[in-house]
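Engineer: Here is a sequence with its predicted model. Questions after.
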Amino acid sequence: MNKRIEKLANIWANLREADTYTFSHTALEVFAQKVVEETLTQVSERAYYTGDRDWSDELDRQWIQLEFGYGSLSDAQQKAEHK
């Protein structure tokens, strides 16, 4: 198994409810966010090493997090919607 996938699988296993094979909504959400964050980190590293100036970790990461419903922009959006 790929080391990164194994690491994520271990996180997943630690989040599951004890002695069951069911996962809470929160555990699934955390796992999905970990996968997205690891992907964003890989994109950022590759952009840095290749000199890709189209990727801005400080800006683009926030917009992708928003698409998945978490992060600072998502928090701001939710606050604005509840006003």
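Structural biologist: Received the coordinates, thanks.
Engineer: Return the list of helices and strands in contact with the lengthiest helix in the chain.
Structural biologist: Of all the segments of type helix in the chain, defined by DSSP state H, the longest one is helix 25-50. Judged by 3 or more CB pairs under 8 Å, 6 or more residues apart in numbering; DSSP states H and E, helix 25-50 is in contact with helix 3-15, helix 57-67. All C-beta spots, glycine's among them, are computed from the backbone N, C-alpha and C.
Engineer: Need these in a markdown table (columns: mean neighbour count, distance to Glu29 and mean pLDDT).
Structural biologist: Conversion of these to a markdown table gives the following (neighbours: other CB atoms under 10 Å; distance: least, CB to CB, whole Å; pLDDT from 0 to 100):
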| stretch | mean neighbour count | distance to Glu29 | mean pLDDT |
| --- | --- | --- | --- |
| helix 3-15 | 12 | 10 | 73 |
| helix 57-67 | 14 | 13 | 87 |
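Engineer: For this structure, which helix or strand comes out least confident on mean pLDDT?
Structural biologist: Ranked by mean pLDDT, DSSP states H and E, the helix or strand of the chain with the weakest confidence is helix 3-15, at a mean of 73.
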